[in-house]
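In: below is the structure, and that's it, no one-letter string:
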Ligand SMILES: NC(=O)C1=CN([C@@H]2O[C@H](COP(=O)(O)OP(=O)(O)OC[C@H]3O[C@@H](n4cnc5c(N)ncnc54)[C@H](OP(=O)(O)O)[C@@H]3O)[C@@H](O)[C@H]2O)C=CC1
Ligand SMILES: O=C(CO)COP(=O)(O)O
C-alpha cells in the first residue's frame, strides 16, 4: 500500500482521497484552511465542498504541506490550475526523495501556455520525481464520492507510470484505463471546459438541444484541431478524456463550467458568476489560454474565440452566437487533406 499526499482539499481532491482510501492507501490531504482541516480530522466531513459525505478514517488532513508530504510515495496535485505553480514551489521545499507526481487538474496556464504536466516538469527538478502522470476523464466529484460507476484515463509518456497510477486508483466503482498520449489527454480535459461554458450559456439564453449538440460537436472538432497541431493523437479525442469528458461536462447538473455559462447567458457578469459559484470555474482562464495558443499557432477555433470576447471584452452572448452562425460556409471535415477528392468539387457544374 502507498502513502499518497493529496495537495488540494476541494471537491476533487477529497473525492479522489476517498477512492485511494477505499483501496487501502494512506492519504494525507493538504488544505489551506484550518477550520476545514479540523472538520475533516474531527468530524470526518469536508463541510464546504462535499458536505453530505462521511470521510473514511485513513484520510488525515494537514494545513502544512510539509506534514502532508512526510513519508509520501506519491503526490496527487489537484488544486486549480492558477494555484498549481505556487503549490508545487512550496511542495518542492519539502520533498526529500524522488516521488511519483500525479495530477488531476484540468487547465492550461495563460501566458506560458503550459499544460499541467509541463508546469510540474518546470517546477520539480528531475532528481525529485520518478514520473509525471495525468488522471483525467468524465468524473464529477459528487458521483465519485458516492462510489457511483466512473471511468477515467491515466496518462503518461512512460506507460509503466500510467500503469502504476491505474493500479493505485482502480476499483469496482472507479475504472482506470491507460493512454500514452499525454498531450491529447491534457488538452481534451482542459478545453472541454470552454465548450461546457458555451453550452451553459446557450441554455441560459434560451436556446435548445440543437444548439447544445452543435456546440459539443463543433467544439470537439476545434479541440481536436488544436490538439493535433500540438502533437496529440487524433483518437484520444474520441476517448474518455475527450468526448467522454465533453459529454459529462456539457450535460451534467454538477458541472460548474456549465452552470457558470448558464448564469452568463442569463446576463450575469464574469465577476458575479465567479463570486456566486464559490468553486473553481477552470474554463474561464482556459478560454484565455486556448485563445492565445490558437492565435500563436494559427489554428482556427471560432467557438473559443467568440467565448473569449464574451468573457473578456463584454461581447453580448447572443451576438457571439449570431457571429458563429453567420460564418462563411465550410466543409464539415474541412481539416481533412482532401485534395482532388474534395467533395465540394464534385458539386461544381
Ligand atoms: N470537481 C470535480 O468534479 C472535478 C474537478 N477536476 C479538476 O480538479 C481541479 C480542482 O478542482 P476542485 O477540487 O473541483 O475545485 P474546488 O473549487 O472544489 O476546490 C478548490 C480547492 O483548491 C484550493 N485552492 C484554491 N486556490 C488556491 C491557492 N491559490 N492555493 C492553494 N489552494 C488553493 C481551495 O482551497 P480553499 O477552500 O481554501 O479556497 C480548494 O481546496 C480543477 O482543475 C478541476 O478542473 C477534475 C475532475 C473533476
Ligand atoms: O471535469 C469535470 C468532470 O469530469 C468537472 O467539471 P466542472 O469543473 O465543470 O464541474
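Out: Ah, there it is. The shown structure was predicted, so the numbers you read here are calculated from the model rather than taken from an experiment. Ligands and ions are numbered 1, 2, ... in the order given.

In: close to ligand 1: what parts of the stretch 151-300 of the chain are there?
Out: 279, 280, 282 (Cβ under 6 Å from any ligand atom). For every residue, glycine as well, the C-beta is placed using N, CA and C.

In: those residues in helices, which ones?
Out: Using DSSP state H, the subset of these located in helices is residue 282.

In: need the residues of the stretch 151-300 of the chain next to ligand 1 in a markdown table (columns: pLDDT).
Out: Below are these laid out as a markdown table (pLDDT from 0 to 100):
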| residue | pLDDT |
| --- | --- |
| 279 | 94 |
| 280 | 95 |
| 282 | 98 |
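
In: now the residues of the stretch 151-300 of the chain next to ligand 1 in JSON lines, with neighbour count and distance to ligand 2?
Out: Formatted as JSON lines, these follow (neighbours: other Cβ atoms under 10 Å; distance: Cβ to the nearest ligand atom, whole Å):
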{"residue": "279", "neighbour count": "16", "distance to ligand 2": "8"}
{"residue": "280", "neighbour count": "24", "distance to ligand 2": "7"}
{"residue": "282", "neighbour count": "25", "distance to ligand 2": "6"}
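
In: quick one: contacts of stretch 225-234?
Out: Contact partners of stretch 225-234, identified using Cβ atoms under 8 Å, 6 or more residues apart in numbering, comprise 181, 183-184, 187-188, 191, 224, 236-237, 290, 293-294, 297, 299-301, 335.

In: of these, buried ones?
Out: Neighbour-count burial within those applies to 181, 183-184, 187-188, 191, 224, 236-237, 290, 293-294, 299, 301; the criterion is 16 or more other Cβ atoms under 10 Å.

In: from the residues you listed, pick the one nearest residue 111.
Out: residue 293 (10.6 Å; Cβ to Cβ).

In: mind listing what that closest one touches?
Out: Counting by Cβ under 8 Å, 6+ apart, residue 293 has contacts 108, 113, 226, 230, 299.

In: for ChimeraX, write the select line for the buried members of those residues.
Out: In ChimeraX, a selection of the buried entries from the contacts of residue 293 looks like this (16+ other Cβ under 10 Å):
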select :108,226,299
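
In: dump the contacts of residue 293 to CSV, plus secondary structure and distance to ligand 2.
Out: Converted to CSV, the contacts of residue 293 look like this (DSSP: H, G, I helix; E, B strand; the rest coil; distance: Cβ to the nearest ligand atom, whole Å):
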residue, secondary structure, distance to ligand 2
108, strand, 14
113, coil, 20
226, helix, 18
230, helix, 20
299, coil, 23
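
In: now the contacts of residue 293 as a markdown table including pLDDT?
Out: Putting these into a markdown table (pLDDT from 0 to 100) gives the following:
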| residue | pLDDT |
| --- | --- |
| 108 | 98 |
| 113 | 97 |
| 226 | 98 |
| 230 | 98 |
| 299 | 97 |
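
In: which one of the contacts of residue 293 is nearest residue 17?
Out: Nearest to residue 17 among those, with distances taken as Cβ to Cβ, is residue 108, at 25.2 Å.

In: correct me if wrong: the closest one contacts residue 114.
Out: Yes. With contact defined as Cβ atoms under 8 Å, residue 108 counts as touching residue 114 (7.0 Å).

In: can you show me the strands along this protein?
Out: 3-7, 26-30, 59-62, 74-77, 99-103, 129-136, 150-155, 174-179 (DSSP state E).

In: out of those, which is closest to residue 256?
Out: Closest of the strands of the chain to residue 256 is strand 129-136, at 16.2 Å (criterion: Cβ to Cβ).

In: list of residues touching the closest one?
Out: Under Cβ under 8 Å, 6+ apart, the answer for strand 129-136 is 16, 76, 98-104, 106, 116-117, 120-121, 152-158, 160-162, 164-165, 169, 176, 182, 185-186, 188-189, 240-241, 245.

In: what residues does the stretch 201-349 of the chain have near ligand 2?
Out: 245, 248, 249, 254, 255, 256, 257, 282.
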